[in-house]
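> got a structure for you, letters missing:
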Ligand SMILES: Nc1nc2c(c(=O)[nH]1)N(C=O)[C@@H](CNc1ccc(C(=O)N[C@@H](CCC(=O)O)C(=O)O)cc1)CN2
Ligand SMILES: Nc1ncnc2c1ncn2[C@@H]1O[C@H](COP(=O)(O)OP(=O)(O)OP(=O)(O)O)[C@@H](O)[C@H]1O
């Protein structure tokens, strides 16, 4: 299945999902249990919209816990700028109707300073960690700026960890996926360590 077809099929499956608030709490609690989440002082996350795995409770909890949370601001070239979440009143509708932080924009390189990066995805390849996004290449560009030792996690509904997500050279895999049933870690490219031998990763 090509990227466009896979994208359409997941968006239509998401539209048919029943209420996912229990799943959102499960993902939130699984993440908040991990020391590498608790210890991250600067977290890049996203403010979920529509049928995406919900992050509002997670963002709020991280913020209450004292972390600085960066949220994306979509640029006209579809690259991602970043601004700080400062509570529920700090968001306003962006160019595509989704909410974005109103705070000062920190630039596309602000993601380089994050200790933890949480990203949206429509699907993730269960073997390689290659993610399928909305097709703008926004997160491919953003993830290319993240260092190899920073945990990157895509949030998924159950069933969205699939085989054979088409990979192109610009695609940036994530290190993990968080689902309601738990966190999955990918082996990554050769030499990057594996779950059995996490040589170069610190979580
Ligand atoms: N929550 C969230 N924020 C994000 C992203 C994302 O995927 N999810 N982005 C990832 O790059 C950037 C924004 N990019 C976007 C790209 C496409 C659409 C979009 O297709 N919107 C639909 C309606 C939204 C829906 O209900 O799904 C539309 O315009 O018709 C929205 C945002 C940055 N912020
Ligand atoms: N570094 C980059 N600079 C400019 N364009 C890029 C870059 N990386 C990817 N793109 C472009 O983005 C487009 C969409 O790519 P793709 O379908 O892989 O997006 P995606 O991974 O699903 O989306 P996203 O990264 O936003 O989640 C492609 O046409 C690709 O050429």
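Sure thing, it's come through. Since this is a predicted model, take the numbers as computed values, not measurements. Ligands and ions are numbered 1, 2, ... in the order given.

> quickly note the distance from the residue most central in space within the chain to residue 104.
By Cα atoms, centre = their mean, the chain has its centre lying nearest to residue 119, at 1.1 Å. Using Cβ to Cβ, to the nearest Å, one gets 22 Å for the distance from residue 119 to residue 104. Heads up, the C-betas are built off the backbone N, CA and C, glycines and all.

> need the helices for this structure, in chain order.
With helices called from DSSP state H, the chain shows them at 3-15, 21-32, 35-38, 56-64, 138-143.

> helices or strands up against the second one?
Counting contacts by 3 or more Cβ pairs under 8 Å, 6 or more residues apart in numbering; DSSP states H and E, helix 21-32 is packed against helix 56-64, strand 176-179, strand 182-185.

> contact residues of this structure facing ligand 2?
For the chain, the residues found near ligand 2 under the criterion Cβ under 6 Å from any ligand atom are 3, 132-141, 168, 170-171.

> spatially, which two of those are the most separated?
Spatial extent of these (Cβ to Cβ) is set by the pair 3 and 141 at 16.4 Å.

> ramachandran angles for the residue lying closest to residue 13 once chain neighbours are set aside?
By the measure of Cβ to Cβ, 6 or more residues apart in numbering, the closest residue to residue 13 outside its immediate chain neighbours is residue 159, 7.6 Å from it. Note on residue 159: its backbone torsions stand at phi 90, psi -10 [degrees, to the nearest 10].

> roughly how far apart are residue 159 and residue 27?
Here the distance between residue 159 and residue 27 works out to 14 Å (Cβ to Cβ).

> next one: residue 140
Distance from residue 140 to residue 27, counting by Cβ to Cβ: 23 Å.

> same deal with residue 84?
For residue 84, the distance to residue 27 (Cβ to Cβ) stands at 22 Å.

> can you mark which positions in the longest strand along the chain are buried?
Of all segments of type strand in the chain, defined using DSSP state E, the longest is strand 68-74. Neighbour counts over strand 68-74 (16 or more other Cβ atoms under 10 Å) mark 68-74 as buried.
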